[in-house]
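**Q** this is a predicted model, with the sequence first.
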Number of protein chains: 2
Amino acid sequence: MLATLLESNEEKPPYTEFTYRRNEVIMEEGTDNKHFYVVKKGMVAMSKGTIRDDSILTFCGPNDILGFLSILENAVSPISYTAISEVTLLRFDRQYVIDKLTFGQESFWYAYFFYLNFTQPILIRESLSNLPSDKKILAGLVIVAERFGRAEPDGSYLIPYYFTQKVIGKYLNLARAYVATNLRKLEQDGLISLSPKPWKIHDMAAVKEMLNMKYTDLYSLTKK
Amino acid sequence: MLATLLESNEEKPPYTEFTYRRNEVIMEEGTDNKHFYVVKKGMVAMSKGTIRDDSILTFCGPNDILGFLSILENAVSPISYTAISEVTLLRFDRQYVIDKLTFGQESFWYAYFFYLNFTQPILIRESLSNLPSDKKILAGLVIVAERFGRAEPDGSYLIPYYFTQKVIGKYLNLARAYVATNLRKLEQDGLISLSPKPWKIHDMAAVKEMLNMKYTDLYSLTKK
């Protein structure tokens, strides 16, 4: 999709580059949105406001698209996007993107694949609903590690530093102090290490087996 | 979208009608799906498996479409659909639907509007995350009443009988007994009545005001 957006007959590329500091709001729930963003670098949290903290539904990393939920004329964004690391975005004009995407045979599939990519992580998060808190936190770490972490040759995974206790708490709707307690418990159980940073899941395969949640099957929407 | 699907040059309509009993599974998470369904009558719960009960993400009523998440070749459904009332569905062949929808200028918008209709109720549900249980249950009742209930001239709303304690519990990830206790509390507080059935929200406007959740704004994705 990005390749399609960048194809241009004009000399000037059809986007502007913006950078955001950590914790800066990129798009606020309930506000107008006339743009479309592609993440070039960094990590963005997509969240919904609640009576307390925002609830993070999913994360958007490099090549992910922001603003798809509000591409209609007069649309207001039903969700917020917040930078959780330093972030660089390419900003496109909404009408430019609509003209590009709705033209041609592939247009249905652009919308459809965006929709699958967006929906799938939200469904996986939902499958954690009834887990006890320590396992829920471990499963949350597995999800972010698989999507955005670094696999090491020994089977461990490193978790990027911007997935803090606070971010994990908002993602799983758990209080930060509670996340802290459970992280220490998981470390005592020998499943993760918290220091030296970054956090590490020691044996990804064993943890996934233990949680019995078949993430890999869930990530792919078709049979192998 | 339904009108497009029903347009056919053949004499035989391109669908088969099926009925399901209450609690019958229509499509099971993790299984093949070669069909597309349109709800003709009744109510369907879309849910994701967890270690305990399924977690209901949203409900699908008349004219809603089932199976959009698994229209690809070899796709398995990432979610389950279960009848929560007696349900009549029109079943279409997957390839027939894809051919119809991906042809022509509107195809991007078919996918897009399906996506908005599907996503919006899930986002609204997410906004309830951090509410205390009694308010969360009241807000859950407001959501199902607004989408599927009957508005009475006196400002009250009747809630269809198939939104039982069990269904509401699965929708809000609360134990059934806990739902029962809180429903009685809401009745004692004079906000709802449980008998005679159907359940009733006495003053919808006042309840929405009290919850301060601007549902109406959230349902519409554009400014008035």
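**A** Thanks, I have it. Numbers count the residues shown, from 1 in each chain, chains lettered A, B, ... in the order given.
**Q** got the domain ranges for chain A?
**A** Domains of chain A are assigned by automatic domain parsing as A:2-126, A:133-219.
**Q** dump those to a markdown table, plus mean pLDDT and distance to chain B.
**A** Any C-beta I mention is one placed from the backbone N, CA and C, and that applies to glycine too. Output for those, formatted as a markdown table (pLDDT from 0 to 100; distance: least, C-beta to the nearest C-beta, whole Å):
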| stretch | mean pLDDT | distance to chain B |
| --- | --- | --- |
| domain A:2-126 | 88 | 3 |
| domain A:133-219 | 92 | 5 |
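**Q** dump the ones you listed to TSV, plus mean neighbour count.
**A** Shown next, in TSV, are these (neighbours: other C-beta atoms under 10 Å in any protein chain shown):
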stretch	mean neighbour count
domain A:2-126	18
domain A:133-219	17
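**Q** out of these, which gets nearest to B:Ser127?
**A** The closest of the domains of chain A to B:Ser127 is domain A:2-126. By C-beta to C-beta, the value is 5.1 Å.
**Q** chain center to that closest one, what's the gap?
**A** Distance, stretch centre to chain centre, for domain A:2-126: 11 Å (C-alpha atoms, centre = their mean, to the nearest Å).
**Q** show me the strands in chain A, by range?
**A** A:15-20, A:25-27, A:35-41, A:44-48, A:55-60, A:65-66, A:80-83, A:87-93, A:150-151, A:157-158, A:192-193, A:200-201 (DSSP state E).
**Q** return the set of residues that bridge with the most centrally placed residue in chain A.
**A** Closest to where the C-alpha atoms of chain A average out (C-alpha atoms, centre = their mean) is A:Phe59, at 1.3 Å. Beta-bridge pairing for A:Phe59 (DSSP bridges): A:Ala45.
**Q** was I right to think it contacts A:Ala45?
**A** Yes. Taking C-beta atoms under 8 Å as the definition, A:Phe59 is a contact partner of A:Ala45 at 5.8 Å.
**Q** shared neighbours, these two?
**A** A:Ile84, A:Tyr171 (C-beta atoms under 8 Å, 6 or more residues apart in numbering or on different chains).
**Q** that older thread, nearest to B:Ile65, of the strands of chain A?
**A** Using C-beta to C-beta, the nearest of the strands of chain A to B:Ile65 is strand A:55-60, at 22.3 Å.
**Q** extract the C-alpha set from the closest one and format it as PDB.
**A** Written as PDB, here are the backbone C-alpha positions of strand A:55-60 (Å, rounded to 0.1, in the frame of the first residue of the first chain):
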ATOM      1  CA  SER A  55      -7.100   1.700  27.100                       C
ATOM      2  CA  ILE A  56      -4.500   0.800  24.400                       C
ATOM      3  CA  LEU A  57      -6.100  -1.500  21.800                       C
ATOM      4  CA  THR A  58      -3.000  -2.100  19.600                       C
ATOM      5  CA  PHE A  59       0.400  -0.800  18.600                       C
ATOM      6  CA  CYS A  60       1.500   0.600  15.300                       C
END
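**Q** what angle do that strand and strand A:44-48 make?
**A** For strand A:55-60 against strand A:44-48, the angle by axes from the mean of the first three to the mean of the last three C-alpha atoms, to 10 degrees is 150 degrees.
**Q** find the nearest non-adjacent residue to A:Phe18, please.
**A** In this structure, A:Phe18 finds its nearest non-sequential neighbour in A:Leu89, 5.1 Å apart by C-beta to C-beta, 6 or more residues apart in numbering or on different chains.
**Q** contacts only, for the one you found.
**A** A:Leu89 sits next to A:Glu17, A:Phe18, A:Thr19, A:Tyr20, A:Ile26, A:Tyr37, A:Val38, A:Val39, A:Lys40, A:Leu66 when contact means C-beta under 8 Å, 6+ apart.
**Q** A:Gly169: which of those is nearest?
**A** A:Ile26 (20.6 Å).
**Q** thinking that closest one is in contact with A:Gly42, fair?
**A** No. Applying C-beta under 8 Å, one finds A:Ile26 not in contact with A:Gly42, separated by 10.4 Å.
**Q** which neighbours do the two share?
**A** Taking C-beta under 8 Å, 6+ apart as the contact rule, A:Ile26 and A:Gly42 both touch A:Tyr20, A:Ala83, A:Val87.
**Q** nearest residue to the last one other than its sequence neighbours?
**A** I take that to be A:Val87. Using C-beta to C-beta, 6+ apart, the nearest residue to A:Val87 is A:Gly42, at 3.4 Å.
**Q** TSV for the shared contacts of A:Ile26 and A:Gly42, including distance to B:Gly190?
**A** Formatted as TSV, the shared contacts of A:Ile26 and A:Gly42 follow (distance: C-beta to C-beta, whole Å):
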residue	distance to B:Gly190
A:Tyr20	48
A:Ala83	45
A:Val87	49
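**Q** ok, so of those residues, who is nearest B:Gly155?
**A** For these, the nearest to B:Gly155 is A:Ala83 (43.6 Å; C-beta to C-beta).
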